[in-house]
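Engineer: A predicted structure for the sequence below; I have some questions about it.
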Amino acid sequence: MFLGTHTPRLDDKGRVVLPAKFREGLSGGVVLTKGQDRSIVVWPADEFAAYSARLNEASRSDARVRAYLRVLFSGASDEMPDKQGRVSVPQILRDYAGLERDVVVVGNGTTCEIWDAGAWQQYLAGQEEAFSSISEEVVPGIL
């Protein structure tokens, strides 16, 4: 499980050092994809394969499904972290997420996300009030 907030920097080659506590869970390779909130989702390769299998069950006659699949898979990149835990972030994904130098890697359960540091702060500021005032069930059967 990926937890916490970490603040590495993107190096001159477009690589980010993944948090040490995430490395074991990502040692089998990762898939980087566009996230819905202009972040980059870092999937363990096996987790992405399982997600991809579930996506294949969706009806491709639905235009929304086709559009989602096209955007998700066309921007996806499979990568292997090096011995120092660095992973290359392709330019197309850096552009999508607005990554420059200062980034934030946040745990999100079975995935983690890479955010531009300023975008993350802005996003979090806008979400924390709503989070603290949740009084209804958000995830059916969970909250």
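Structural biologist: Yes, it's here. Numbering: from 1, shown residues only.
Engineer: longest helix in this structure, please.
Structural biologist: Secondary structure of the chain per DSSP state H: the longest helix is helix 117-132.
Engineer: and that one, what does it pack onto?
Structural biologist: strand 103-108 (3 or more C-beta pairs under 8 Å, 6 or more residues apart in numbering; DSSP states H and E). The way it works is simple: take the backbone N, C-alpha and C, and place the C-beta from them, glycine included.
Engineer: residues making contact with the strand it packs on?
Structural biologist: 1-10, 16, 18-19, 22, 41-42, 112-117, 120 (C-beta atoms under 8 Å, 6 or more residues apart in numbering).
Engineer: buried among these? Need that as a selection in PyMOL.
Structural biologist: Listed next is the PyMOL selection for buried residues among those, using 16 or more other C-beta atoms under 10 Å:
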select buried, resi 2+6+8+10+16+18+19+22+41+42+112+113+114+115+116+120
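Engineer: using the three-state scheme, assign the residue sitting nearest the centre point of the chain.
Structural biologist: Nearest residue to the geometric centre of the chain (C-alpha atoms, centre = their mean): V41, 1.3 Å. Using DSSP: H, G, I helix; E, B strand; the rest coil, the structure places V41 in strand.
Engineer: I figured it hits V30, correct?
Structural biologist: No: with contact defined as C-beta atoms under 8 Å, V41 does not reach V30; the gap is 9.7 Å.
Engineer: what residues are shared contacts of the two?
Structural biologist: Common neighbours of V41 and V30 (C-beta under 8 Å, 6+ apart) do not exist.
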